[in-house]
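Enquirer: this one's structure only:
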């Protein structure tokens, strides 16, 4: 039986490649970064390791604006709560 391959994405925080099962998909909805753990929300997504270090690195480098091709700053409140709540 043939094995199915798992897609690989790059984390916008640390820039390391990892299987999608290890990364959290993030989308922009109405100027807000929203976590998409089920990977079902429409639109362009960015992948992130769900760790505070990768989140801070991505925010510091403004990686979400570039990855999601937005022209306005994005509010990271719900994403920050999801990542920091999951890590504690």
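Expert: Happy to help now that I have it. Note that this is a predicted model, so its numbers are computed, not measured.

Enquirer: ranges for the strands of the protein?
Expert: Assigned by DSSP state E, the chain shows strands spanning 8-10, 17-19, 24-29, 32-36, 45-48.

Enquirer: Serialize these to TSV and add fields for mean neighbour count and mean pLDDT.
Expert: Heads up, the C-betas are built off the backbone N, CA and C, glycines and all. Putting those into TSV (neighbours: other C-beta atoms under 10 Å; pLDDT from 0 to 100) gives the following:
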stretch	mean neighbour count	mean pLDDT
strand 8-10	14	97
strand 17-19	12	97
strand 24-29	21	96
strand 32-36	20	96
strand 45-48	24	96
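
Enquirer: Am I right that residue 57 is in contact with residue 13?
Expert: Yes - with contacts counted by C-beta atoms under 8 Å, residue 57 reaches residue 13, the gap being 4.1 Å.

Enquirer: These two - which one has more neighbours?
Expert: Between residue 57 and residue 13, counted using other C-beta atoms under 10 Å, residue 13 has the larger neighbour count: 26 against 18.
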